[in-house]
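Colleague: A structural model of the following input is requested.
(2 chains)
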Amino acid sequence: MGILKVVMSNLGNRRFSSALTTISVAIGVTLLIAILILSSALYQGAVFQGGGYDMIVGPKGSATQLILSTVFHYEVPIGNIDYEVFRKLAADERVTKAIPLALGDNYRNYRIVGTDSTYFMEKEDENINGVIATGRFYEEVGEVVIGHMVAERGGLKIGDKFVGAHGVGDGIGGCSHDHHNEDTSATDPHHNDTHHAHDLEYIVVGILEPQNNTDDYIIFTPVESVWEAHDIHASHQTYYHYKNEGYHLQEEHEEHHEHHEHHHVDKPELTAILIQGRDIVSLATLKTAIEADTHYPAQAAFVAVVLRQLLKVLGDGAMVANVLAYISIIIAALSILISLMSSMAERRKDVAVMRMLGASKNKVLTIVILEAVVITVIGILIGIIGGHTLAHWIGRHLQHAAGIYVNALQYWQGEGITVITVLMLGLLSGLIPALTVYRTEPTKFIDN
Amino acid sequence: MITLKNIEKTYHSTEGLLKVLDIDFYQVAKGDQIALVGPSGSGKTTLLNIISGVVAPTAGEVIVDDIRVDLLKEEEKDKFRAEKIGYIFQSFHLINSLTALENVMLPMLFAANKDKKQQQMVAKELLDKVKLSHRLNHKPTNLSRGEQQRVAIARALANEANLILADEPTGNIDYTTGMKVFDLLQNLCVKNNVTLVMVTHSQEFKSRFSKVVDIRDINKAIKIGEEATQWEF
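Modeller: Reported below is the predicted structural model:
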């Protein structure tokens, strides 16, 4: 028989209070681990999502709203900017990549985002079909490539046709309406006719590989599709076109006018432009230039700056949650202490007997501390499983609501520290009663 | 086996120093079976505790099996008790969370001189000797008082102790069971050449011992008719 057998027998003898204290530890650890995973995943997701871009150019207004609506596809866009802004930026030497985004419509609450292939490509010569799981990338106006969650939950498949509705939707999609063409309660930044369906019929030509971000909930189409849907008839060239061919704004524009058969009812506009810059100095001067342009009014928001502000808010929230979780752990540690102390009367007699039988003071000290440690370790193990399960469950909702992917099945940095902290608290809660029995004079507690 | 020289034990009280034990010289030979008798409060239990090293004498020498118990350090006393002494209490004092088998294995765990298999084997043999091989996995609360005291006897013999100190081991069990338990204890001590010092009030048991020692005859601190009753340590 080993010491652990004595420890387990003691715990078994008080199985109800042992179970309760174990559960209280498990709940505390569950909360700590879940908060840790979710806050880390949100942080990582936010950085990952906005990581590729240095700057977002959009209409004047809230920089946070601009970033949220374009990078995270969350919140309604501020409005639109003139397409000329994109043409100028695409040709600017300080810019290494410019990606146009045109928002405004949705299908069953899944945002329809007009952009070009550069959105998905790291390099100019990259094969765009690398991001396509099924089908092909869009080539024509009206063709769409859908995020894999749109395919999975939105019920769309290759060859399906649908008509978009005004407004960007109220989130990351997921409306459960059964009928195609049905509009949702979306808000359009410039039309406000939230129940009007367009005439342009979209056709699904491809489904994206899972991106584990908000793109999984987006319907992508050429910028021209969005214009077409809003009766703006123009053509768009990718960033690489301007980079390779040079910038001939007026001529090209006029040339395009001549070749276009449609009647212009409005100027082509974009919701935002995602920018990668040459260096920080170039970007700083670019920002100043953009915001000083009165002819094409726009703002330029640094992604990192806005993200830092967002993450600070996120961090503050996580900190509050963490404090609450730690309070629950301290309560759990106190419950271990109370449980052990309440069994002291009986324990002191047992300890006295053990001392009479030759148990050293260190051995009885070890037995009591181990009881607290065993409760804590079992609580921690249950808590780790519980925390990951809870984070996985919340993560699924989070992914659906905000498109932020939470991989709850992996080890997250900080879990080790959390476990050690809780273990130390458990150890501490066992130390006080252990020291009490350590000082037990055997003869005082043996009544013959 | 046991030699006590100039043993004194005093306690501080509100009335000043109180001497509860004062023994000039007393010796017990190996294999002896001694009945220690005397009224309550006359220092019988204190004497047992001093012999086992649980209580340190204020003065004097305690020698057990050639070991100066009073000079041992705390950890050495623990080891000494675990290896040399078997203790039997009036109230059995088994550990309720452990089975009969585990209770007998407990002193072996503290002595740390046998592996788990050996502990189990010895414990089973001892429980068989006290006729409890059918109660190995019973917790003390599921055993009768007589059975509990038989487990306590097996526990006292677990480390092949040379000396068993029994403090009224039959005091909490009925006469018939008490006699059976006593016979068992005495026989096992004889068979294993174990020295037995047993505190008892029973005339019946006294008559079964070859040596009966009245504590008042050796303890000068107690005068007949003035026995202390509140200083049992």
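Colleague: Which helix runs longest in the chain?
Modeller: Because you didn't say which chain, this covers chain A. In chain A, with assignment by DSSP state H, the single longest helix is helix A:361-402.
Colleague: Chain B, not that one
Modeller: Per DSSP H, chain B has its longest helix at helix B:175-191.
Colleague: What about the residue in the stretch 151-300 of chain A positioned nearest to chain B, how many residues nearby?
Modeller: When scored by Cβ to the nearest Cβ, the stretch 151-300 of chain A has A:Asn212 as its residue closest to chain B, at 51.2 Å. C-beta coordinates here come from the backbone N, C-alpha and C atoms, glycine included. Neighbourhood size, A:Asn212 [other Cβ atoms under 10 Å in any protein chain shown]: 17.
Colleague: Tell me the gap between the worst-scoring helix or strand of chain B on mean pLDDT and the middle of its chain.
Modeller: Least confident helix or strand, chain B: helix B:203-206 with a mean of 78, by mean pLDDT, DSSP states H and E. In terms of Cα atoms, centre = their mean, to the nearest Å, the centre of helix B:203-206 is found 18 Å from the chain centre.
Colleague: Can you name every helix or strand that that helix contacts?
Modeller: Contact analysis of helix B:203-206 by 3 or more Cβ pairs under 8 Å, 6 or more residues apart in numbering or on different chains; DSSP states H and E lists strand B:33-37, helix B:175-191 as its packing neighbours.
Colleague: Buried residues of the first one, list them for me.
Modeller: Judged by neighbour count using 16 or more other Cβ atoms under 10 Å in any protein chain shown, the buried positions of strand B:33-37 are B:Gln33, B:Ile34, B:Ala35, B:Leu36, B:Val37.
Colleague: Turn the residues you listed into TSV, including pLDDT.
Modeller: Formatted as TSV, the buried residues of strand B:33-37 follow (pLDDT from 0 to 100):
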residue	pLDDT
B:Gln33	91
B:Ile34	91
B:Ala35	91
B:Leu36	91
B:Val37	88
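Colleague: Of these, which is the nearest to chain A?
Modeller: Within the buried residues of strand B:33-37, the smallest distance to chain A is 13.2 Å, found for B:Leu36 (Cβ to the nearest Cβ).
Colleague: Show me the beta-bridge partners of the closest one.
Modeller: Residues in a beta bridge with B:Leu36, per DSSP bridges, are B:Val199, B:Val213.
Colleague: most centrally placed residue in chain B?
Modeller: Against the mean C-alpha coordinate of chain B, by Cα atoms, centre = their mean, the closest residue is B:Leu165 at 1.9 Å.
Colleague: which stretches of chain B have low pLDDT?
Modeller: Along chain B, the parts satisfying pLDDT under 70 run over B:223-233.
Colleague: Hmm, I typed the wrong one, I wanted the stretch 151-300 of chain A.
Modeller: Using pLDDT under 70, the stretch 151-300 of chain A drops low at A:167-198, A:233-234, A:238-266.
Colleague: Show me where the chain has its strands.
Modeller: Answering for chain A, as no chain was given. Per DSSP state E, chain A carries strands over the ranges A:55-58, A:81-82, A:95-107, A:110-114, A:132-135, A:143-146, A:161-166, A:197-208, A:219-221, A:269-270, A:272-277, A:299-302.
Colleague: My question was about chain B, not that one.
Modeller: Listed in chain order, the strands of chain B (DSSP E) span residues B:2-13, B:16-28, B:33-37, B:59-64, B:67-68, B:85-88, B:163-167, B:195-199, B:211-214.
Colleague: what's the most buried one of the ones you listed?
Modeller: Ranked by mean neighbour count, the strands of chain B are led by strand B:85-88 with a mean of 26 (mean count of other Cβ atoms under 10 Å in any protein chain shown).
Colleague: Quick check: the residue of chain B nearest chain A.
Modeller: Counting by Cβ to the nearest Cβ, chain B gets nearest to chain A through B:Ala82 (2.5 Å).
Colleague: So that residue versus B:Asn159, what's the distance?
Modeller: B:Ala82 is 6 Å from B:Asn159, where distance means Cβ to Cβ, to the nearest Å.
Colleague: do the same with A:Ala34
Modeller: From A:Ala34 to B:Asn159 the distance is 51 Å (Cβ to Cβ).
Colleague: give me the number of residues near residue 41?
Modeller: No chain in the question, so chain A it is. When neighbours are counted by other Cβ under 10 Å, A:Ala41 registers 23.
Colleague: The chain in question should be chain B.
Modeller: For B:Gly41, using other Cβ under 10 Å, the count is 17.
Colleague: Please apply the same query to the one 10 residues further on.
Modeller: B:Ile51 has 23 neighbouring residues, counting by other Cβ under 10 Å.
Colleague: so what's it up against?
Modeller: Contacts for B:Ile51 (Cβ atoms under 8 Å, 6 or more residues apart in numbering or on different chains) come out as B:Ile2, B:Leu4, B:Val62, B:Val64, B:Val69, B:Ile85, B:Leu163, B:Leu165, B:Val197.
Colleague: would you turn these into CSV with distance to chain A?
Modeller: Compiled in CSV, the contacts of B:Ile51 are given as follows (distance: Cβ to the nearest Cβ, whole Å):
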residue, distance to chain A
B:Ile2, 17
B:Leu4, 18
B:Val62, 15
B:Val64, 14
B:Val69, 13
B:Ile85, 8
B:Leu163, 13
B:Leu165, 9
B:Val197, 15
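Colleague: out of those residues, what pair is the most spread apart?
Modeller: Pairwise distances among these were taken by Cβ to Cβ; the largest, 15.1 Å, belongs to B:Leu4 and B:Ile85.
Colleague: Write out the residues of chain B neighbouring chain A.
Modeller: Selection of chain B residues close to chain A by Cβ under 8 Å from any Cβ of the partner chain yields B:45, B:49, B:52, B:54-55, B:74-75, B:78-83, B:85, B:87, B:89-91, B:93, B:95-98, B:102, B:105-111, B:116, B:119-120, B:155, B:159, B:167-168, B:171, B:233.
Colleague: Please identify the buried residues of stretch A:280-288?
Modeller: Of all the residues in stretch A:280-288, those buried under the rule 16+ other Cβ under 10 Å are A:Ser282, A:Leu283, A:Leu286, A:Lys287.
Colleague: contacts for that stretch?
Modeller: Residues from elsewhere that reach stretch A:280-288 (Cβ under 8 Å, 6+ apart): A:Asp54, A:Met55, A:Leu89, A:Asp92, A:Glu93, A:Arg94, A:Val95, A:Ile275, A:Gly277, A:Ala300, A:Phe302.
Colleague: Apart from its neighbours in sequence, what residue is nearest A:Leu370?
Modeller: Of all residues not flanking A:Leu370 in the chain, A:Val7 sits nearest, at 4.5 Å (Cβ to Cβ, 6 or more residues apart in numbering or on different chains).
Colleague: contacting residues around the residue nearest to A:Phe220 when sequence neighbours are not counted?
Modeller: Of all residues not flanking A:Phe220 in the chain, A:Val145 sits nearest, at 4.8 Å (Cβ to Cβ, 6+ apart). Contact analysis of A:Val145 by Cβ under 8 Å, 6+ apart lists A:Ile132, A:Gly135, A:Phe137, A:Tyr138, A:Val204, A:Val205, A:Gly206, A:Ile207, A:Leu208, A:Ile219, A:Phe220, A:Thr221.
Colleague: Neighbour-wise, give me the winner out of these.
Modeller: Within the contacts of A:Val145, most neighbours by other Cβ under 10 Å means A:Thr221, with 30 neighbours.
Colleague: Settle this for me: that residue is touching A:Glu140, isn't it.
Modeller: No: if you go by Cβ atoms under 8 Å, A:Thr221 and A:Glu140 don't touch, sitting 9.7 Å apart.
Colleague: All set, thanks.
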